[in-house]
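*Asks:* Build me a model from this:
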Amino acid sequence: MNADKKVKILATLGPAINGIDDIRQLVESGVNLFRLNFSHGEHADHAQRYHWVREVEQRLNTPIGILMDLQGPKLRVGRFKDGKVNLERGQALRLDLDPTPGDARRVCLPHPEIIEALQPGMNLLLDDGRLRLQVTAKHSDAIDTQVIAGGELSDRKGVNVPEAVLQLSPLTEKDRRDLTFGLELGVDWVALSFVQRPEDILEARELIQGKAFIMAKIEKPSAVQQIEAIAQLCDAIMVARGDLGVEVPAENVPRIQRDIIRTCRQLGKPVVVATQMLESMRFSPAPTRAEVTDVANAVAEGADAVMLSAETASGDYPLEAVQMMSKIIRQVESGPDFQAQLDVSRPQAEATASDAISCAIRRISSILPVAALVNYTESGASSLRASRERPKTPILSLTPNLHTARRLTVAWGIYSVVNPRLHEVEEVTSTALSIAQAQGMAQTGDTVVITAGVPFGQPGSTNSLRIETLQ
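*Replies:* Residues are numbered from 1 along each chain as shown. Have a look, this model is predicted:
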């Protein structure tokens, strides 16, 4: 087991990955879970990649998580008579529901939800924020705007509405079809796009019905404002900095990222930092220094995982991108002040036996030369609480549930082994020590901390802690 880094790597699969051997190389270089991006590709493509991952999982005998990322609503303007127009600063532009091809004076906005939500004075962003309009008047079927930042606007460019909450479900008909397909495949995580409010998570839960875990993508200002409520309802958070950076001032994104990581750690929910982390490695075998610093900062701030998007999906150097990200993670984690920073920022413990034990193992691992923290878990909840403490020593999570092991691939410092459920207390120590040794996490003479819940098989019952030496 390659447990020499605690921050996990989520890599996106795409046409740059050509088969089982490619995926195996990525896993051996540090990838812990894979993303299937349903904004691109056909169902058959995703099914093929899914089965490649499962084959590698079986060959390496290590749990590998699979996340399906739903596209969500795509808001776009209509078409133009000549395919494009040039908008000048200060000019007027009407956006309406008329599907007739537009010109420099008007264009179709086929989203009545946007027209209903906008008010005079609000801003509208086009083409990833390159153009900015300000609403001057509102009508039942149209809005009048003034161009604040102009430029060329062509057919079907995207629309962002940062200052309004739209009465729009995050799940389109396409998303619902994709979700049904993904759940039938057996994905472990569902990433939900266009989350605006806590209720969006509840809608997704009704459809998923416990078949997968939910990761909310934070890319809307309204979601940032309600991050704690959203995080409490979902199973993990993704800081989707690409779309978020369009809808909020770019200079605010680093602070928002830190705040979200802090909130998620307090709640014990895994958090992924995503988008453009090693963007230049799509076409270059080496990253920029700014990109290296960006990844390093996410690791230092306490993120559970960092994500590669186009770098591995469609880039020229997918393996090199993973290897570079692994090097950055290891370099930061080996720094003299890394653990001290995490200890200073550790969250307030709750008054539960699980948190008391989690705090104890963090403290023990800072005093004794502990080789591994072994935790027996059914649902993964106790391992997540241990991960929340960011202990110095890696966590070996033993579970009888493969679905739980795959879920935990996104969580900081946790490495899982699927092991049959124990029935006798006497089995706890011997089993934990033998598996830690077999996985290369401990050897003769090493100290191992073991936590479990007795009686066995009852989720949330972690109530025992043992310190043992491997003989």
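
*Asks:* Name the residues of the longest helix seen in the chain that come out as buried.
*Replies:* The residue-count maximum for a helix in the chain (DSSP state H) belongs to helix 43-60. Going by neighbour count (16 or more other Cβ atoms under 10 Å), the buried part of helix 43-60 is His46, Arg49, Tyr50, Trp52, Val53, Arg54, Val56, Glu57. Every residue, glycine included, has its C-beta placed from N, CA and C.

*Asks:* Which residue comes closest to the second one once chain neighbours are left out?
*Replies:* With sequence-adjacent residues excluded and distances taken as Cβ to Cβ, 6 or more residues apart in numbering, Arg49 is closest to Leu13, at 4.5 Å.

*Asks:* Need the per-residue pLDDT for the one you found.
*Replies:* In this model, Leu13 is scored at 98, pLDDT.

*Asks:* Kindly report the same for the one 10 residues further on.
*Replies:* Per-residue confidence at Ile23 stands at 98 (pLDDT).

*Asks:* That one and Val53 touch, don't they?
*Replies:* Yes: Ile23 lies in contact with Val53 (Cβ atoms under 8 Å); the separation is 5.9 Å.

*Asks:* if we can go back for a sec, let me know the closest of the buried residues of helix 43-60 to Ala92.
*Replies:* For the buried residues of helix 43-60, the closest approach to Ala92 (Cβ to Cβ) belongs to His46, at 44.3 Å.

*Asks:* Let me see the contact set for the closest one.
*Replies:* Contact analysis of His46 by Cβ atoms under 8 Å, 6 or more residues apart in numbering lists Leu36, Phe38, Met68, Phe181, Gly182, Leu185.

*Asks:* Which strands border the helix or strand where the first one lies, and is each parallel or antiparallel?
*Replies:* Right, Leu36. Using DSSP states H and E, Leu36 sits in strand 31-37. Take DSSP bridges as the rule and strand 31-37 pairs in its sheet with strand 8-13 (parallel), strand 65-69 (parallel).

*Asks:* then that strand to CSV, C-alphas only?
*Replies:* The C-alpha trace of strand 31-37 is given here as CSV (Å, rounded to 0.1, in the frame of the first residue of the first chain):
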residue,chain,number,x,y,z
VAL,A,31,-4.2,8.7,-8.0
ASN,A,32,-6.7,7.6,-5.4
LEU,A,33,-10.0,8.1,-7.2
PHE,A,34,-11.2,9.0,-10.7
ARG,A,35,-13.7,11.4,-12.1
LEU,A,36,-16.1,10.7,-15.0
ASN,A,37,-17.1,14.1,-16.5
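
*Asks:* going forward, begin numbering at 2 instead of 1
*Replies:* Let's use 2 as the start, then, which means that last one is strand 32-38.

*Asks:* got the buried residues for it?
*Replies:* Per 16+ other Cβ under 10 Å, strand 32-38 contains these buried residues: Val32, Asn33, Leu34, Phe35, Arg36, Leu37, Asn38.

*Asks:* How far does it sit from its chain's centre?
*Replies:* Distance of strand 32-38 from the chain centroid (Cα atoms, centre = their mean, to the nearest Å) equals 10 Å.

*Asks:* Show me what that strand is in contact with.
*Replies:* Under the criterion Cβ under 8 Å, 6+ apart, residues 9-15, 24, 47, 50-51, 54, 65-70, 183, 188-190, 192, 306, 308, 310, 314, 323, 407, 410-411 lie in contact with strand 32-38.

*Asks:* Show the average pLDDT along that strand.
*Replies:* So the average pLDDT for strand 32-38 ends up being 98.

*Asks:* swap in stretch 411-420?
*Replies:* Across stretch 411-420, pLDDT averages out at 97.

*Asks:* first to last residue in it, what's the distance?
*Replies:* 19 Å (Cα to Cα, to the nearest Å).

*Asks:* go on, stretch 454-469?
*Replies:* End-to-end for stretch 454-469, by Cα to Cα: 17 Å.

*Asks:* Go through that stretch and flag the buried ones.
*Replies:* Residues of stretch 454-469 classed as buried: Gly454, Phe457, Ser462, Thr463, Asn464, Leu466, Glu469 (neighbour count, 16+ other Cβ under 10 Å).

*Asks:* Mind putting these into TSV with pLDDT?
*Replies:* Output for the buried residues of stretch 454-469, formatted as TSV (pLDDT from 0 to 100):
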residue	pLDDT
Gly454	83
Phe457	72
Ser462	67
Thr463	81
Asn464	82
Leu466	93
Glu469	96
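
*Asks:* who's in contact with stretch 162-177?
*Replies:* Contacts to stretch 162-177, defined as Cβ under 8 Å, 6+ apart, come from residues 39, 71-74, 76, 114-115, 117-120, 123-126, 180, 193-198, 201, 204-205, 208, 221-223, 247-249.

*Asks:* could you dump the buried residues of strand 32-38 to JSON lines with distance to Gly103?
*Replies:* Output for those, formatted as JSON lines (distance: Cβ to Cβ, whole Å):
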{"residue": "Val32", "distance to Gly103": "45"}
{"residue": "Asn33", "distance to Gly103": "47"}
{"residue": "Leu34", "distance to Gly103": "43"}
{"residue": "Phe35", "distance to Gly103": "41"}
{"residue": "Arg36", "distance to Gly103": "36"}
{"residue": "Leu37", "distance to Gly103": "36"}
{"residue": "Asn38", "distance to Gly103": "31"}
